[in-house]
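> Sequence first, predicted model second:
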Amino acid sequence: MIFTVDVGNTNIVIGVFDNEEKLVFSARLATQSTKTADEYAIDFKNILGLYNVPVDCFDGAIISTVVPPLMPVLKDAIKKLLKCKVLVVSSGIKTGLNIKIDDPAILGADLVCGAVGAMAKYPLPLIIFDMGTATTISAIDRNGCFLGGTIFPGVKVSLRALSSVAAQLPDINTELNGMSVIGKNSIDSMKSGIVFGTASMIDGMIERYKAELGDDATVIATGGIAPSIVMHCKSDIIVDENLLTDGLLIIYKKNT
């Protein structure tokens, strides 16, 4: 079995693949930079136990992170618990991705994994939205070249920023509960702005990206908040919550 770990600024997504490369389960836990290797080893053991997966059946593991200080901690935790080889997605690893940005070495591991996963599953060209702490857009042309992308604040970051500087605006969730685009109070107006506003932005950026990549571009969205936003978009968007996890497995296979 293969153990995959995708570390974001907010959540860590764990994936477990069986010997037939099928996803057994995926799970999330909070990203906490202050935790020790032993604490993360306990977290991983508890999650594996929850899904009745023994710790002694793993052939290898792979980690992708956008939180560099956690890399040695998580690598140590996995070695202690699973006692298997651990790969790290970094500039020296084989990905099969032809990166055309100014400095390919600085491309985030999350964007690399998402691109690798998308290229293996969907027709080119590709527009990939990853909606986490930041919302990113990645562009892959019909020749499989990673051209670059866009970065802007994520949904929850935007909400927290708004609440922190506007004394009369509370911190809210993004559940719409059937409300219309025209809010009748502050909370509904904020929800309208963040949900419908983000959905409209996504639609607008898709139009602009397709103008450069081609109208036949496949659009994929991933990340924890993606389903609740994409359902309000007018564009044809595939929601793939396991995109980065699948990309990690592919990268692991290319390097073993």
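Happy to help now that I have it.

> How about the contacts made by Thr36?
Val73 (CB atoms under 8 Å, 6 or more residues apart in numbering). Placement of C-beta: from N, CA and C, glycine included.

> Any figure for the gap between it and Met71?
14 Å (CB to CB, to the nearest Å).

> same question, Asp216
Distance from Asp216 to Met71, counting by CB to CB: 38 Å.

> Same check on Lys83?
19 Å.

> Contacts for stretch 38-46, please.
Phe3, Ile14, Leu29, Lys35, Val55, Val73, Leu74, Ala77, Ile78, Lys80, Leu81, Leu82.

> from memory Ala115 sits against Ile128, does it?
Yes. In this structure, Ala115 is within contact of Ile128 by CB atoms under 8 Å, at 6.6 Å.

> Please identify every residue contacting each of these two.
Contacts common to Ala115 and Ile128, judged by CB under 8 Å, 6+ apart, are Ser138, Ile140.

> what's the helix or strand where Leu244 lies in contact with?
Here Leu244, judged by DSSP states H and E, is contained in helix 243-254. Applying CB under 8 Å, 6+ apart, the contact partners of helix 243-254 are 2, 4-6, 13, 15, 17, 21, 23, 26, 60, 62, 64, 87, 89, 93-96, 110, 112-118, 120-121, 128, 130, 220, 222, 240.

> And it, what's buried?
Leu243, Leu244, Thr245, Asp246, Gly247, Leu248, Leu249, Ile250, Ile251, Tyr252 (16 or more other CB atoms under 10 Å).

> Of the contacts of stretch 38-46, just the buried ones, PyMOL syntax please.
In PyMOL, this line selects whichever of those come out buried by 16+ other CB under 10 Å:
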select buried, resi 3+14+35+73+74+77+78+81+82
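
> Per-residue pLDDT of Gly224, please?
Note on Gly224: pLDDT of 85.

> Report the buried members of the contacts of helix 243-254.
2, 4-6, 13, 15, 17, 26, 60, 62, 64, 87, 89, 93, 95, 110, 112-118, 121, 128, 130, 220, 222, 240.

> So which of the residues you listed belong to helices?
Taking DSSP state H, the ones among the buried ones among the contacts of helix 243-254 that sit in helices are Asp110, Val112, Cys113, Gly114, Ala115, Val116, Gly117, Ala118, Lys121.
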